[in-house]
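Novice: sequence and predicted structure are below.
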Amino acid sequence: MTRGIGLYVHVPFCASRCPYCDFATAPATTALRGRYLEALGREIAREGDLLGRPRVRTLFFGGGTPSLLEPAEIERLGDDLRRAFVFRPREVTLEANPATLDRARLDAWLALGLTRLSLGAQSFDASGLRALGRTHQPEDSGAAVAVAREARLDVNLDLIFGWPGQTVAAWESDLDIAAALGPDHVSCYPLELRLDPDGSIPNWPGGGWPVLERWRAAAAAAQPDDAGIARMYRVAERSLGRAGYRHYEIANWARPQKRSLHNLGYWRDRDWLGVGAGAHTHLAGARSANPADLRAYIARVESGSARAIDADADPPSENAMLALRLDSGLDLERYAARFGDTAATRVRTALREVEPAHLVQVRGRHARLTARGRLLASEVFIRLLP
């Protein structure tokens, strides 16, 4: 652990549930809030002790909506982290809903060491926000960027394309508005609607999965078709490229020196620890996860039981797929040194199969997705699976 770890802290609380979201979330007003934060503090302490108090290289607060935490809760969380780890992160990112930033909360995050704000803008079109079930307004995102800039924070904007009824012109407008705000980083994700139950269903009262299933089915029927989604992706590549952003990962664009250091740790297959409900961990080549259900997570921490190990994980395949997500691609010689000649031969064979379709480019020791390959990455990745 001499190089340190990436640390992900999951804060599940949300003011309302976005119907497309598959992350572990829960109402901000849940009666379990206090017990959850207490369990989170206990998990942080225990993991820091088990790992020998490693240095935190990067820190990411995700959710949920971690920007909803109260200043006192943020301060306690910071104290827990400083006690458990050597706390000298190069980057500290906070996910935030654009409408939830107030001065007191922001000051508390800044005291914790915040350097980067990731805003869930999703769209600057009022009809788009309604279609996605978002509660903020288009103007909230610009105001949040201004607040972040005043605090000298780096800014990422999350955008979603392919929402029900969206046109290419509407997507071009979203990209233009985003670029005009001058963020350091932009993430663009196609709307994906899983039609099976997710792990956070038990955390929410009310209709549960049948209500979400009806919404997702109706939304999927009103989405642009695959050709429309592909066109929107290409529009993003052109628009953000013209605005000076480097397309360094399949869904991510950045200004020079402004890539997400924390997420690069994922894509470069480094060690990271995830704490909180639904959080995943990758340490010493092994993957594990916490339960998404708040009660199950709290019970796990209180009992002192271990995270669930992912027995189906295949480190060689995952390493290759993660590397190919980046514009730097996969170093085949380094891959062979880590996983052996048999694994490297299997990867080379799989890549040769898709090279005639112009999905990958192999030059010497390096393999990279082409522009077409980024669009059809799943066609490449499925061939890398064992």
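Specialist: Yep, that arrived.
Novice: give me the domain ranges for this protein.
Specialist: 5-267, 314-386 (automatic domain parsing).
Novice: okay, these in JSON lines with mean neighbour count and mean pLDDT next?
Specialist: Where you see a C-beta, it was placed from the backbone N, CA and C, and this is true even at glycine. Putting the domains of the chain into JSON lines (neighbours: other Cβ atoms under 10 Å; pLDDT from 0 to 100) gives the following:
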{"stretch": "domain 5-267", "mean neighbour count": "19", "mean pLDDT": "96"}
{"stretch": "domain 314-386", "mean neighbour count": "16", "mean pLDDT": "96"}
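Novice: and the next helix or strand past the helix or strand Asp158 falls within?
Specialist: Following DSSP states H and E, one finds Asp158 within strand 154-161. Next along the chain after strand 154-161, taking DSSP H and E as the criterion, comes helix 168-181.
Novice: just how off-centre is that following helix within its chain?
Specialist: 22 Å (Cα atoms, centre = their mean, to the nearest Å).
Novice: given the next helix or strand after it, what are its sheet partners and their directions?
Specialist: Proceeding N to C from helix 168-181, the next assigned helix or strand is strand 185-190, under DSSP H and E. Note on strand 185-190: by DSSP bridges, its sheet partners are strand 154-161 (parallel), strand 252-254 (antiparallel).
Novice: in JSON lines, list the ones you listed along with distance to Pro315.
Specialist: As requested, the strands paired with strand 185-190 are exported to JSON lines (distance: least, Cβ to Cβ, whole Å):
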{"stretch": "strand 154-161", "distance to Pro315": "28"}
{"stretch": "strand 252-254", "distance to Pro315": "23"}
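Novice: ok, back up a step: out of the domains of the chain, which comes closest to Tyr297?
Specialist: Within those, the stretch nearest Tyr297 is domain 5-267; the backing value is 6.7 Å (Cβ to Cβ).
Novice: show me where the stretch 251-386 of the chain has strands.
Specialist: According to DSSP state E, counting those that start in this stretch, the stretch 251-386 of the chain carries its strands in the segments 252-254, 272-275, 280-283, 286-289, 308-309, 330-331, 360-363, 366-369.
Novice: now render those as JSON lines, adding distance to Gly41.
Specialist: Below are the strands of the stretch 251-386 of the chain laid out as JSON lines (distance: least, Cβ to Cβ, whole Å):
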{"stretch": "strand 252-254", "distance to Gly41": "31"}
{"stretch": "strand 272-275", "distance to Gly41": "9"}
{"stretch": "strand 280-283", "distance to Gly41": "17"}
{"stretch": "strand 286-289", "distance to Gly41": "20"}
{"stretch": "strand 308-309", "distance to Gly41": "21"}
{"stretch": "strand 330-331", "distance to Gly41": "39"}
{"stretch": "strand 360-363", "distance to Gly41": "45"}
{"stretch": "strand 366-369", "distance to Gly41": "41"}
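Novice: so which of these comes closest to Gly208?
Specialist: strand 286-289 (22.3 Å).
Novice: ok, and for that closest one, which residues are buried?
Specialist: Neighbour counts over strand 286-289 (16 or more other Cβ atoms under 10 Å) mark 287-289 as buried.
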